[in-house]
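1. The following block contains a protein sequence and its predicted model.
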Amino acid sequence: MAGPLTIRLEHLMREIYDTEIEWNVPNDLAEIWIKTCKVLDNVSLSLPDFSMDEDPGPLTLLIFADASSQAPAARAYFGNEHTLKETQMISGKTRITPKKARQTIPRVEMLAIVIAMRLGKTIATASRNPSKDVNVLKDSEKALGLVAGTDNLPTFE
């Protein structure tokens, strides 16, 4: 839930670090930092307790993956055939877009799928009630085409 807030700070910290300053932060970056921190002062997060019936029946793990130029992300929800209309977020993961090379949107979308798969594995391993189905949902046709492709592509990380 806090991902969109922390990503802004992470990008700003990266920008400050990239200026290779000795000690004093440039005024423009300092002002942006102060404004961002003031926004965070007014933020209030509340997480509802996740509760599940003793025997909820076969569960479905739904993981949504998405990305922007700034960050790939994944969010996971449990549901079953009776409660898919009322699901609760159980976990999420957001990362800052890697800087080592210029990242295209399809590449960041692929990174979101990798994050979603790892999140799904972690949840499935830790869950008391194993999921009947695990569904990773993605809206990028290009990324889905790369996943479904049969060409020998280099390992993606």
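-> Received it, and whenever you're ready, just let me know what you need. Numbering: from 1, shown residues only.
2. quick one: the helices in this structure?
-> 3-18, 27-41, 105-126, 141-148 (DSSP state H).
3. is it possible to export the ones you listed to TSV including distance to Ala65?
-> (Each C-beta comes from the backbone N, C-alpha and C, glycine too.) Converted to TSV, those look like this (distance: least, CB to CB, whole Å):
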stretch	distance to Ala65
helix 3-18	13
helix 27-41	26
helix 105-126	4
helix 141-148	8
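4. which one of those lies closest to Leu62?
-> Smallest distance to Leu62 across the helices of the chain (CB to CB): 9.5 Å, for helix 105-126.
5. Buried ones in the closest one, by neighbour count?
-> 107-113, 115-117, 119-120, 123 (16 or more other CB atoms under 10 Å).
6. try stretch 6-23
-> Counting neighbours by 16+ other CB under 10 Å, one finds that the buried residues in stretch 6-23 are 7-8, 10, 16.
7. any idea how far the residue nearest to the spatial centre of the chain lies from Asn42?
-> Most central in the chain under CA atoms, centre = their mean is Ala73, positioned 2.0 Å from the mean C-alpha point. Counting by CB to CB, to the nearest Å, the separation of Ala73 from Asn42 is 23 Å.
8. again with Lys35
-> Using CB to CB, we find Lys35 at a distance of 12 Å from Asn42.
9. swap in Pro26?
-> If you go by CB to CB, the gap between Pro26 and Asn42 works out to 26 Å.
10. same thing with Thr19?
-> Counting by CB to CB, the gap from Thr19 to Asn42 is 28 Å.
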